[in-house]
Structures are given as structure tokens and as C-alpha cells.
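Engineer: Sharing a model that was predicted from the sequence below.
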Amino acid sequence: MKKLLYIGNKLSSHGSNISTIETLSPLLENEGFIVITSSSQKNKLIRFLCMLKATLLSAYKVDYVIIDTYSTLNFWYALVISQLCRLLNLKYIPILHGGKLPEKIDNYPFLTSLIFKNAYYNSVPSKFLFSKLETKSWKNCIYIPNQIEIEKYSFIERKSFMPKLLWVRSLGSIYNPTMAIDVVEKLKIYFPDIQLCMVGPENGITIENLKKYAQNKSLEIVFTGKLSKTDWIKLSESYDIFINTTHFDNTPVSLIEALALGLPVVSTNVGGIPYLVRDKETALLVNDSDSQAMADAINELIKSPELAKELAANGRKLAEQFDWQIVKNHWKEILK
């Protein structure tokens, strides 16, 4: 029975969205792996120290160390933990997240090489990021997509599509939440009863500031704050179109979930998004920050329900490829 140490940010109990460590670790446990996780401490320094302690204590107890690796501050956690694993002769597997990781790799070639070149495997959930890594000399990269449990997502076949929009991300500048409000402003001229619900915890941008931004445009937007996955999936039944306004991204799980639920998607065409969905086949894509183009795309879906239905059906088929019953075989292969 293989034993794993999983290093990542388990912060949903502190108001953050559920992270990969919180979804993947129980799935691996269900497959018979013993999984130790670290850390759920809110304070960044204490969390980092807990990660170091867990790695040291696990030196002779685990077979592999999995490390969630991002492009922001958490990159430095991954750097230190990975090098500690090397000193302890532990096989480690970074999971590469974050839309700005290619930029990090370009800006810090030596440091990123220390992490990724010496890894047992690099698990890359984004085909976009995988294509970037193919230019490197690293031969230890493997594409393992983000996973969902498809049976938890009921496909709703909508007969018509109203201007009822759903947005699901944390409220951070990288996800450009103000663009969603700008889109509503442009559509309200044609659809006075337009609705927008924004789901997600605060992450540098407050709900209060977004409310003021909307009020200055005479718009009423619904902000739910953080919701459990069950709650936002239930909420999604009341909406007809999913919008994704991000500046950077790899393979966002929320977008995959929207596809699974039968929501036609309109998204910015950034980072790994065009590697995940195809324009006019599984989503409609627009340029970054182009609120007018996104408004036009939404208008097209409302006026052309057959197109919306086609995108929704194709999107569900795509989402099924991310089902854990398929993805788990990739993990079993490298953890055997």
C-alpha cells in the first residue's frame, strides 16, 4: 500500500475556494493510497513551517511527495519543499497550476529547473502548459488533467436561453470580475431584466467594492460569496449562460464543471482556455478584457438557441473526459 505526502494549501475552512489538495487527496485515499496532507494553517509562515515539518517527519514513511505548485507566493513553498525532498532522497511530483507559470519559468530558469528537472514526474493538468514545457529538455512531464466526479453534475437540457449569467471564481484581479459587470452594462440596453450572479470568496477584491462599481452603473448584481460545491451546482439550475472573464488561466475546474452542467460557456481566450475549449464548438471565445465582444457573444447565444444547445451538448461530452474514473488511471500509473 503506497503512502503519499501531499503538500498544498487546504484553506477552504478559512473562506478560500476548495483547492486541488482537498479534492484529489480523498479520491486517492478511496483508491487505496494512504495520504498525509499539509497544511491547513491560515498564517502563511506557520503553514510553510508545517509543510517543512511534515516533509521531514515523512522522510522514511512515504513513497512519494505530491506538491501543488503555483506561480505566485506558493511557488517558493514548492521550491523549498522540492529541494528538501532531494536532500531526503524522496521522489516528488509537482502538480503545475497557475496561468503565469510559463512566465515564472522564463523569468527564473535556474530555480524552476531545480524543481521540475529533478522531479520524479511533473503532473501537468493543462495542455497549454504542457506545450510550453515541451520546449524544455525535461523528459519527466506527463499530462494528467484536472478531475471531476461526473456523476455529481446533472446535465440540464435547456429549451431556451435567457440573459441569466453565472460567474464562478474567487474575487481576484487575475479573474477580472469587473469585466462581468461591464458586460451586463452593455447587455442591459437590450435585456432590461438581465441577471448576473457572481459566486466566489474575496481574494484581493471585496464584494463591497464590486457592489459600488455596479451601483455606479445602476446595476443590481447578486454576490453570494463563497458557496459549497453542492450549493453552487444547485444555484446553477437558475441560470442559462456561464461567463469566464479571466486574464490568465490554465484549465479552470469551474469551467469544466459548467460544461458538465450543460451551461453554454463564453470565455476570454487566454492561456490554456483555447487548449481546453474550441471556439464555436464547445464555447464562444473572446479577447481578454473585451466586454463588448463578450456581450455580443452572449447576445448571439440568446438569439440562436440551437447554437447554445449545440455548445452545451458538446461541452458535456468534453467534461466527461475529465471524470475521475478516467483520470485516476493516470495517477495509478505513476504511483505504482
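Structural biologist: Arrived safely, thanks for sending.

Engineer: those strands in the stretch 101-250 of the chain, which residues are they?
Structural biologist: 122-124, 141-143, 164-168, 195-199, 222-225, 241-244 (DSSP state E, counting those that start in this stretch).

Engineer: report the longest helix in this structure, please.
Structural biologist: Taking DSSP state H as the criterion, the chain has its longest helix at helix 305-320.

Engineer: Just the buried residues of stretch 100-118, please?
Structural biologist: 100, 101, 102, 104, 105, 112, 115, 116 (16 or more other C-beta atoms under 10 Å). (C-beta placed from N, C-alpha, C; glycine too.)

Engineer: what about residue 160, neighbour count?
Structural biologist: Using other C-beta atoms under 10 Å, residue 160 has 9 other residues around it.

Engineer: Please report the distance of the closest residue to it other than its chain neighbours from residue 240.
Structural biologist: Leaving aside its chain neighbours, residue 160 sits nearest to residue 305 (5.5 Å; criterion: C-beta to C-beta, 6 or more residues apart in numbering). Distance of residue 305 to residue 240, given as C-beta to C-beta, to the nearest Å: 10 Å.

Engineer: Now the common contact residues for the two.
Structural biologist: Each of residue 161 lies in contact with both residue 305 and residue 240 under the rule C-beta atoms under 8 Å, 6 or more residues apart in numbering.

Engineer: So between those two, which is more surrounded?
Structural biologist: Neighbour totals were compared for residue 305 and residue 240, and residue 240 leads with 25 against 15 (other C-beta under 10 Å).

Engineer: Spell out the secondary structure type for residue 92.
Structural biologist: State at residue 92, reduced to three classes by DSSP: H, G, I helix; E, B strand; the rest coil: strand.

Engineer: Look up how far residue 116 lies from the most centrally placed residue in the chain.
Structural biologist: Centroid-nearest residue in the chain, with C-alpha atoms, centre = their mean: residue 252, separated by 3.0 Å. Distance of residue 252 to residue 116, computed by C-beta to C-beta: 22 Å.

Engineer: Give me the distance between the two termini of stretch 205-220.
Structural biologist: End-to-end distance for stretch 205-220: 18 Å, by C-alpha to C-alpha, to the nearest Å.

Engineer: err, stretch 215-222, not the other one
Structural biologist: Stretch 215-222 stretches 12 Å from its first residue to its last (C-alpha to C-alpha).

Engineer: Now tell me what touches that stretch from outside.
Structural biologist: Outside stretch 215-222, the residues that touch it by C-beta under 8 Å, 6+ apart are 181, 184, 185, 188, 195, 196, 197, 198, 210, 211, 214.

Engineer: The third one - nearest residue in space that isn't next to it in sequence?
Structural biologist: Going back to what we said before, that points to residue 185. Nearest non-adjacent residue to residue 185 (C-beta to C-beta, 6+ apart): residue 217, at 4.9 Å.

Engineer: what about the helices in the chain?
Structural biologist: Taking DSSP H, the helices of the chain run over residues 20-30, 44-57, 74-87, 101-107, 109-116, 127-133, 177-187, 207-215, 229-236, 253-260, 273-276, 291-303, 305-320, 324-334.

Engineer: out of those helices, nearest to residue 36?
Structural biologist: helix 44-57 (6.6 Å; C-beta to C-beta).

Engineer: in that closest one, what counts as buried?
Structural biologist: 47, 48, 50, 51, 52, 54, 55.

Engineer: Just flag the most distant two among those residues.
Structural biologist: Going by C-beta to C-beta, the pair spanning the buried residues of helix 44-57 furthest: 47 and 55, at 12.9 Å.

Engineer: just for the stretch 101-250 of the chain, where's the confidence low?
Structural biologist: Along the stretch 101-250 of the chain, no part satisfies pLDDT under 70.

Engineer: quick one: contacts for residue 124?
Structural biologist: By C-beta under 8 Å, 6+ apart, residue 124 lies in contact with 96, 130, 133, 141, 142, 143, 144.

Engineer: Report the beta-bridge partners for the residue nearest to the second one when sequence neighbours are not counted.
Structural biologist: Distances taken as C-beta to C-beta, 6+ apart place residue 124 nearest to residue 130, at 4.5 Å, with adjacent residues excluded. Listed by DSSP bridges, the beta-bridge partners for residue 124 are residue 143.

Engineer: quick one: residue 124 from residue 4, how far?
Structural biologist: With distances taken as C-beta to C-beta, residue 124 is found 18 Å from residue 4.

Engineer: ok, now residue 325?
Structural biologist: For residue 325, the distance to residue 4 equals 20 Å [C-beta to C-beta].

Engineer: Compare those two (neighbour count), which wins?
Structural biologist: Neighbours per residue (other C-beta under 10 Å) separate residue 325 from residue 4, with residue 4 holding more: 21 against 11.

Engineer: nearest residue to that one other than its sequence neighbours?
Structural biologist: Setting aside the residues directly before and after it, residue 4 is nearest to residue 35 in space (C-beta to C-beta, 6+ apart), at 4.9 Å.

Engineer: Contacts only, for that neighbour.
Structural biologist: Counting by C-beta under 8 Å, 6+ apart, residue 35 touches 3, 4, 5, 6, 25, 26, 28, 29.

Engineer: what's the pLDDT at it?
Structural biologist: Turning to residue 35, the model gives it a pLDDT of 98.
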